[in-house]
Structures are given as C-alpha cells and as structure tokens.
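Peer 1: Below are the sequence and a predicted model for it; my questions follow.
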Amino acid sequence: MLLSRASRIALAILMFVTAFAFGCGGGDDGTKPSPESPDAGGTNVAKIYRLLPGVTVYGVDHTYRTADFTDDAKEWDPVFDLISQAQTSLDVAVMRINRQSFVDALLDRSITAHIRIVTEKAYYEDPLYRPFYQQLLNPLRNNGNIEIVTDNDGSPRLMHSRFLIIDHAKVALGSYNFSVEGCERTMGDVVVINDSRIADAFENQFEQMFAEGKFGANKRDAIQHAYSVGGGSGQIEVYFGPTDEPRDILINEIEVSQYVVAGVQQFSDTQLASYIAQWLEGTAGRIEPETGVTAESRAMYLTINDIGAYGDANEDAIYDALVSGIGGGVDDTTYAAGFVINQPPTSVWANIGVHLNHKFLYADHAAVAGGNPSVVISTGNWTTQGLDLNDEAIVILRGSALSTKYHYAYWLNTAHLGADFVTRDVREDAQISLMYPFITNMEEDDARIPRDVALADMSCGLIHGKVTNFKREFTYQDSNGDLQTMQIDIQWEITGEYYFGGNITGYVNPLFDENEVTNPEGNFVIVVPAGRIEIKAVVTDSDGAPVDLFTPDTEIVDIGPGGVRRKDFSVSGVQVGEGTPGGGGGGL
C-alpha cells in the first residue's frame with residue numbers, strides 16, 4: 001500500500017526519539033511602505049518601513065545585508081532606540097538576558113521609567129546568565145525601578161515570548177533576538193505598533209505572567225483579538241501561545257490561500273508538516289476553480305534554517321519527508337502544487353554562524369472572495385514545544401498595506417521594473433528566498449520559480465537600474481558604404497568570486513526588456529550570485545550574439561546574500577570595425 005505524503009511524514013518522525021527543540025527563538029495591490037531613516041546618532045544606514053500610521057517594521061541582519069553588501073542595509077539594532085523611548089514604564093518579556101549593552105540600556109532607562117521583566121527560569125538560574133540578571137536587580141544601579149519575575153517550571157516548557165510594552169501605549173515584538181547570540185548572528189524582524197488598544201492586549205498577557213504567575217496552558221484568553229488600524233486600511237490581530245492555539249492559526253491562513261510564503265528557524269512539528277504535505281498534494285485546503293484556485297495553481301515557498309548542519313534528527317526528518325514529495329522534478333513529483341524549499345545551509349554558511357530566526361507566514365487568501373492577504377509574525381518556532389507549550393506572542397497583519405513588506409512580488413521574471421524599483425519594494429521574503437539555494441518540483445520555465453534555475457545552487461542578490469540611451473534599432477554603415485539596420489538587445493555577463501568561496505564563471509543573464517514601449521527608460525532587474533562580481537552589459541543582436549561594434553560597460557559590485565544594489569549602465573559608443581554608425585535609427 002502506498003502511503004500519502006502526510007502519512008510518510010508522520011511515520012518518518014516516529015523513527016526518531018521525540019525531542020523538544022529549544023534553540024533561540026527567535027494578493028498585492030501595489031501599496032508600498034514608506035522608508036524612513038531612524039535617528040541613531042547619525043551612524044546607521046538602515047531603513048525602517050512604515051506600513052500604516054502607527055505600524056512600523058524593521059528587518060535586522062548584521063551579517064549579510066550590511067552597508068558593505070547591500071543598499072538596503074539592515075545592521076541597525078532597533079531595540080536600544082525603543083528602550084530609550086520609555087518615559088514612565090517599560091514591560092519586557094524576554095527568554096534570556098546575556099548582552100551587556102542591553103543590560104546597560106535598561107539600567108540607564110530605570111532613572112525615569114519603572115521596568116518590569118518576565119524571563120525564563122532556566123536561564124535566570126543558569127550561572128552563565130545569572131550575572132546579567134544580578135546587575136539589573138542591584139539596588140545601587142537600578143534606581144529601585146527594576147523588577148524581575150520568572151516562569152514557574154523552567155525547561156523544557158519555555159517563556160519564549162519576546163515583546164516590549166512602552167508607556168502602556170506602544171508594543172514591539174518579533175523574531176529578532178535580544179541576546180548576544182541572536183543580535184550578531186541571526187536575521188529577524190521587529191514590528192512596532194503604536195496603538196494603546198493593542199498595548200492593552202499585550203499588557204493583559206504580561207500581567208497574567210508577571211502579577212498572577214500564570215504561564216503556558218494556565219493563562220486565559222481574555223483579550224479582544226482584532227483591531228482596525230490606519231482608518232480601516234488594515235487589521236491587526238493579536239494572539240498568544242499556547243492559549244490561542246498557534247498551530248491552528250497557521251493552518252487556517254494556509255487553508256484559504258493559493259500562494260504561501262514562510263520562513264522559520266525550527267520546524268519539527270509533525271501535525272503542521274502533515275497538513276502542509278496534504279495542501280501540496282491537493283487533499284487539503286480550499287479549492288475554488290471558478291476563481292482560478294486549483295490544487296495545481298497553488299504554490300508554496302518555504303525556508304527552514306535548522307536543517308543539515310543546523311538541524312537535529314526530528315528537523316531533518318520533517319525536511320526530508322517534505323523534499324521527498326518533490327521527487328525527481330515535475331515528472332516525478334507527488335505534489336499538485338508548486339513547491340520551492342531551500343537547500344540545507346552548507347558547512348561554510350554554518351561556520352559563519354548565521355541563522356534565519358524569522359517566524360513569518362504570508363498567505364494571499366485567494367481562495368476566499370474578496371480575501372485580504374495577511375502575514376503571521378510570531379516569536380514561536382514550528383515545533384511541538386513552540387506551538388503547544390511555550391509562552392509566545394503572535395500578530396497577524398491583515399490587508400495589502402500591512403502585509404506588503406513581506407509579500408514576494410513577481411519582479412524576478414519582469415525585466416522593466418528598474419525605474420521605480422527602489423529598495424523598499426524588495427519584500428523580506430523575497431530577500432530571504434534569494435539568500436538560499438533551492439530545489440523545486442516546477443519546470444524550469446515556470447514563472448513561479450523564484451529565479452533562474454541555473455542559480456538554484458547559489459546564494460544570490462539583486463541588481464536593478466537603467467541602461468541609458470538604449471534604442472532597439474541600430475543603423476550603421478557597412479564596409480561597402482551601405483546603410484544597414486539591426487535590432488539589438490542587452491544581456492549580462494557575470495563573473496567573479498562567490499561569497500562562500502570559489503569562482504563564478506560563464507553565467508549569462510539575458511533578462512532585459514528591449515521594447516521601447518513597455519520599457520522606455522531602459523530599466524532592468526537581474527538576479528546575480530552573491531559575492532564580488534563583475535557585471536558586463538553586452539550589446540547583442542536579436543539572436544543573442546554579441547555585437548562587437550559596442551564596448552560593454554563593466555561594473556564591479558560587492559553584494560551579499562539577499563542583498564540589493566542599484567547599478568546603472570551605459571554601453572559606450574561604436575567601435576571602428578566592419579562598419580561605422582550611420583544616421584536614422586540612432587544607437588547607444
């Protein structure tokens with residue numbers, strides 16, 4: 001008897017001893033967020049994104065997407081600025097504290113603000129972490145303004161929530177980790193919501209833990225969950241684990257969607273993996289053929305960090321079972337839906353020590369008439385512990401205006417977006433998808449594949465810009481003195497040194513929209529291998545053969561995994577050769 005993919009996932013995970021994973025926990029309508037530059041002493045180059053009034057997102061990456069490797073730098077840490085904003089009160093839920101600068105910031109703020117902290121007992125009692133807590137409790141340093149409470153039981157169930165409540169009016173939460181390990185070697189996000197109603201909901205959760213000593217399943221659901229924001233332009237929903245059943249929240253979002261994108265550090269929960277497999281197979285989820293939502297039209301893009309060099313037996317079993325559905329590709333897959341999943345991080349990547357600490361899921365809700373896209377942002381991993389036991393914080397940003405920063409736009413197969421393609425338009429999930437090598441069950445020419453399959457085994461970045469003075473038709477005088485006209489195009493020849501070592505040779509990207517009607521400004525967007533690369537804009541004829549009458553323009557670019565760079569090109573004038581340029585059609 002052939003088992004379904006979901007059954008094989010359940011069987012695969014049972015082959016291993018069940019273990020809890022503790023690691024650090026960490027439909028677009030064209031609406032665009034607005035970039036701002038936060039004040040950090042004038043030294044930072046990071047951008048924040050105001051999605052709607054009162055709702056802001058920070059992406060944080062101290063390793064790959066720095067100013068040395070991207071125009072959209074993310075190495076700025078928003079936590080200290082948020083702490084400094086507290087005037088009278090600051091409530092902090094954090095699993096562990098072992099970062100001196102974080103301790104110093106809290107002590108400094110205790111001069112004027114009363115600070116309450118809920119933390120994980122297992123770390124509070126750990127000799128390696130205890131000195132940091134003792135500093136915070138020192139009456140000679142804390143101005144009598146810092147209190148600390150731990151959960152009741154310690155590991156394996158964790159107080160894993162991570163949020164700040166500032167002056168009972170503003171909330172900050174997300175996957176970005178405040179610890180030493182997290183701040184330097186993980187990628188994450190921080191969502192800031194300036195809304196007293198939502199702050200009250202988080203305050204209720206905090207009071208249950210801090211004042212009542214209730215954690216885990218002992219907490220109660222006692223809040224309003226949905227809040228209209230931005231004058232009705234979006235909705236924010238607030239939930240807490242385990243009370244509000246995080247697994248069901250994720251499944252409900254996937255259930256009604258055609259297109260799903262997710263990134264998570266740890267994934268070892270069998271129930272959620274089984275549902276995803278059924279959704280990919282077409283045996284679960286809403287099918288609406290009249291709106292074009294079929295099992296075959298679906299697509300899921302999943303990035304998991306803790307696999308391979310980072311994974312344990314349970315995590316690798318889930319990953320292997322999901323990947324087995326891909327089979328040998330389109331002729332061998334058991335999935336009806338398109339599926340893209342990252343390859344395990346290499347040992348070189350692991351030696352750098354960078355973790356994807358995100359826990360987000362974007363769902364387009366296309367299977368519901370008038371459905372609004374959403375993004376689920378959580379502090380909890382997709383483990384049985386994270387979904388059933390831990391204290392976790394979850395928000396759902398619902399509507400295009402709120403979800404757009406996480407939404408993957410189909411720019412990768414659209415050549416003429418360069419003119420207005422500023423870095424704020426590169427969604428976080430798109431940058432994550434560029435970072436990781438991938439495998440898929442889709443055909444090479446399927447527009448849903450995130451990039452050229454020739455780059456499937458490489459970590460990549462994005463180059464966008466303009467080619468100036470481009471004219472589709474070029475007229476020149478041949479060696480006989482006759483005027484000749486040819487149609488020309490641009491292709492990109494890329495060589496260089498790969499970010500993770502080795503040489504990049506022989507990659508040619510033909511993606512340029514030469515049509516002067518659809519692309520009058522000569523814009524381009526191309527995906528390139530990450531590293532120090534040399535890009536040549538080469539003039540070709542309509543068959544793709546280089547035209548030696550033109551000198552290619554060459555740029556050398558440093559670009560990191562997931563990085564975004566703008567580079568403009570101008571192919572220089574015609575060389576003396578078989579002919580000289582004539583009038584009429586113009587040229588470069």
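Peer 2: Thanks, I have the structure now.

Peer 1: for the protein, which helix is longest?
Peer 2: helix 196-210 (DSSP state H).

Peer 1: Check what contacts that helix and list those residues.
Peer 2: Outside helix 196-210, the residues within contact range by Cβ atoms under 8 Å, 6 or more residues apart in numbering are 91, 93, 116, 118, 147, 149, 151, 159, 161, 163, 165-166, 168-171, 173, 193, 214-215, 219-220, 222-225, 227, 236, 238, 240, 391, 393. Any C-beta I mention is one placed from the backbone N, CA and C, and that applies to glycine too.

Peer 1: That one: which residues count as buried?
Peer 2: Neighbour counts over helix 196-210 (16 or more other Cβ atoms under 10 Å) mark 198, 199, 200, 201, 202, 203, 204, 205, 206, 208, 209, 210 as buried.

Peer 1: Dump those to TSV, plus pLDDT and distance to residue 560.
Peer 2: Output for these, formatted as TSV (pLDDT from 0 to 100; distance: Cβ to Cβ, whole Å):
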residue	pLDDT	distance to residue 560
198	98	34
199	98	36
200	98	40
201	98	37
202	98	34
203	98	39
204	98	41
205	98	37
206	98	37
208	98	42
209	98	38
210	98	40
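
Peer 1: tell me the mean pLDDT over the longest strand seen in the chain?
Peer 2: Longest strand of the chain, by residue count under DSSP state E: strand 483-498. For strand 483-498, the mean per-residue pLDDT is 92.

Peer 1: Within the sheet, what are the partner strands of it, with directions?
Peer 2: Take DSSP bridges as the rule and strand 483-498 pairs in its sheet with strand 473-477 (antiparallel), strand 503-509 (antiparallel), strand 531-541 (antiparallel).

Peer 1: any residues touching the longest one, and which ones?
Peer 2: In this structure, residues lying in contact with strand 531-541 by Cβ under 8 Å, 6+ apart are 463, 467, 486-500, 504, 528, 546-547, 549-550, 552-559, 567, 569, 571, 588.

Peer 1: buried sites along it?
Peer 2: For strand 531-541, the neighbour count (16+ other Cβ under 10 Å) marks 531, 533, 535, 536, 537, 538, 539, 540 as buried.

Peer 1: shaky segments in the protein?
Peer 2: Residue ranges of the chain with pLDDT under 70: 1-48, 329-330, 407-426, 572-588.

Peer 1: How many residues are close by the spatially closest residue to residue 215 that is not a sequence neighbour?
Peer 2: Spatially, and ignoring its direct neighbours in sequence, residue 215 is nearest to residue 151 (4.3 Å; Cβ to Cβ, 6 or more residues apart in numbering). Using other Cβ atoms under 10 Å, residue 151 has 24 other residues around it.

Peer 1: Same question for the one 10 residues further on.
Peer 2: The tally of other residues near residue 161 (other Cβ under 10 Å) stands at 28.

Peer 1: Name the SS class of residue 392, please.
Peer 2: Secondary structure assignment for residue 392 (DSSP: H, G, I helix; E, B strand; the rest coil): strand.

Peer 1: Look up which residues are beta-bridged to it.
Peer 2: Assessed by DSSP bridges, residue 392 has beta-bridge partners residue 241.

Peer 1: Distance check, it against residue 205.
Peer 2: 10 Å (Cβ to Cβ, to the nearest Å).

Peer 1: ok, now residue 261?
Peer 2: The gap separating residue 261 from residue 205 is 28 Å, by Cβ to Cβ.

Peer 1: now swap in residue 178 and tell me
Peer 2: Here the criterion is Cβ to Cβ. By it, residue 178 lies 18 Å from residue 205.

Peer 1: Tell me who's in contact with residue 233.
Peer 2: 52, 399, 401, 402 are the contacts of residue 233 under Cβ under 8 Å, 6+ apart.

Peer 1: Arrange the residues you listed in TSV, one row each, with neighbour count as further columns.
Peer 2: Below are these laid out as TSV (neighbours: other Cβ atoms under 10 Å):
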residue	neighbour count
52	20
399	23
401	21
402	28
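
Peer 1: which one among these gets closest to residue 66?
Peer 2: residue 402 (27.1 Å; Cβ to Cβ).

Peer 1: I'd guessed that closest one sits against residue 377; true?
Peer 2: No - at 10.2 Å, residue 402 and residue 377 do not qualify as touching, with contact defined as Cβ atoms under 8 Å.

Peer 1: Grab the nearest non-local neighbour of residue 506.
Peer 2: Residue nearest to residue 506 in three dimensions, not counting chain neighbours: residue 495, with 7.6 Å by Cβ to Cβ, 6+ apart.

Peer 1: tell me the contacts of residue 428?
Peer 2: Counting by Cβ under 8 Å, 6+ apart, residue 428 touches 57, 59, 189, 358, 360, 405, 406.

Peer 1: Cross the contacts of residue 233 against strands and list the overlap.
Peer 2: Of these, the ones assigned to strands by DSSP E are residue 52.

Peer 1: Quickly check the contacts of residue 233 for the two that are furthest apart.
Peer 2: Farthest pair in those (Cβ to Cβ) is 52 and 399. Separation: 8.6 Å.

Peer 1: What distance do you get for residue 288 to residue 259?
Peer 2: 13 Å.

Peer 1: More neighbours: which of the two?
Peer 2: residue 259 (22 against 15).

Peer 1: Quick check: the more buried one touching residue 299?
Peer 2: Yes - applying Cβ under 8 Å, one finds residue 259 in contact with residue 299, separated by 5.5 Å.

Peer 1: how is this structure carved up into domains?
Peer 2: 5-407, 450-581 (automatic domain parsing).

Peer 1: can I get these in a markdown table with distance to residue 439?
Peer 2: Shown next, in a markdown table, are the domains of the chain (distance: least, Cβ to Cβ, whole Å):
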| stretch | distance to residue 439 |
| --- | --- |
| domain 5-407 | 6 |
| domain 450-581 | 7 |
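
Peer 1: which one of these has the most crowded surroundings?
Peer 2: Highest mean neighbour count among the domains of the chain (mean count of other Cβ atoms under 10 Å): domain 5-407, with a mean of 20.

Peer 1: quick one, strands of the stretch 351-500 of the chain?
Peer 2: Secondary structure of the stretch 351-500 of the chain by DSSP state E, counting those that start in this stretch: the strands cover 355-356, 359-363, 374-378, 392-398, 438-440, 460-466, 473-477, 483-498.

Peer 1: of all those strands, which lies closest to residue 519?
Peer 2: Residue 519 lies closest to strand 460-466 among these, at 9.7 Å (Cβ to Cβ).

Peer 1: so how far is the closest one off the chain centroid?
Peer 2: Between the centre of strand 460-466 and the centre of its chain there are 17 Å (Cα atoms, centre = their mean, to the nearest Å).

Peer 1: Output the contacting helices and strands for that strand.
Peer 2: Other helices and strands packing on strand 460-466, by 3 or more Cβ pairs under 8 Å, 6 or more residues apart in numbering; DSSP states H and E, are helix 428-435, strand 523-529, strand 553-559, strand 564-566.

Peer 1: which stretches of the stretch 101-250 of the chain form strands?
Peer 2: In the stretch 101-250 of the chain, the strands defined using DSSP E, counting those that start in this stretch lie at 114-119, 146-150, 163-166, 170-173, 186-194, 226-229, 234-241.

Peer 1: can you list contacts of the third one?
Peer 2: This means strand 163-166. Contacts of strand 163-166 (Cβ under 8 Å, 6+ apart): 79, 82-83, 85-86, 89-93, 171-173, 199, 202-203, 206, 379, 393.

Peer 1: repeat that for 10 Å
Peer 2: 79, 82-94, 113, 116, 118, 170-174, 178, 190-192, 194, 198-203, 205-206, 240, 379, 392-393, 395 (Cβ atoms under 10 Å, 6 or more residues apart in numbering).
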